[in-house]
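Visitor: Below is the sequence, then the predicted model.
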Amino acid sequence: MQRLSGARLREARQRLRLSQQGFADTVRAAGEELGVPNRCTKRLVQKWEGGQHAMPLRRYQDVLVRVTGLPLLALCTPIPPTDPARADYRLAKIITGLADLTAGWVDLHGELLDLHESLSREQTSEEPSESDTPRHYW
């Protein structure tokens, strides 16, 4: 089960450099373009960002995807079940662990790319000599 993350929506809006009123206007205009008219207001955006709505109504979901350029799940956070005996509770714990692990791998990948770039710059700044060139005998 997912819940709209007000913080993620706010970040997406701010990345677009829109005020809450500007975002509401953009959501209304995008709704018209998609054939899904809506009555988005600054107050509704405030409620979304403040966490007062678990999930926007269906008519807003596709429009938010269009406006932010992000999939709906990127604007949401999972709602973990509270009963440890339930399978979905255990699954949520596994998924959370995997998400943390994935974030670690992403960080490691970024560090490896930075290291590779540094090494590449060092190698291009030095002229290789005959003795530096590895020889393969296979």
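Guide: Cool, the structure landed.
Visitor: got the residue ranges for the helices in this protein?
Guide: In the chain, the helices defined using DSSP state H lie at 6-15, 20-34, 42-49, 58-68, 87-125.
Visitor: Tell me the buried residues in the helix or strand bottoming out on mean pLDDT in the chain?
Guide: The helix or strand of the chain with the poorest confidence is helix 87-125; it has a mean of 76 (mean pLDDT, DSSP states H and E). Using 16 or more other C-beta atoms under 10 Å as the test for burial, helix 87-125 gives residue 92. All C-beta atoms are positioned from the backbone trio N, CA, C, and that covers glycine.
Visitor: Distance from the chain centre to it, please.
Guide: How far helix 87-125 lies from its chain's middle: 15 Å, per C-alpha atoms, centre = their mean, to the nearest Å.
Visitor: can you put the helices of the chain in CSV and add distance to residue 78?
Guide: Below are the helices of the chain laid out as CSV (distance: least, C-beta to C-beta, whole Å):
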stretch, distance to residue 78
helix 6-15, 12
helix 20-34, 24
helix 42-49, 18
helix 58-68, 17
helix 87-125, 6
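Visitor: Relative to residue 79, which of these is closest?
Guide: Taking C-beta to C-beta, helix 87-125 is the member of the helices of the chain nearest to residue 79, at 8.5 Å.
Visitor: Give the other helices and strands that that closest one contacts.
Guide: strand 76-78 (3 or more C-beta pairs under 8 Å, 6 or more residues apart in numbering; DSSP states H and E).
Visitor: domain ranges for the chain?
Guide: Taking automatic domain parsing as the reference, the chain has its domains at 2-78, 87-126.
Visitor: Roughly how far does residue 123 sit from residue 117?
Guide: 11 Å (C-beta to C-beta, to the nearest Å).
Visitor: cool, and residue 53?
Guide: Per C-beta to C-beta, residue 53 is found 43 Å from residue 117.
Visitor: and what of residue 6?
Guide: According to C-beta to C-beta, residue 6 stands 36 Å off from residue 117.
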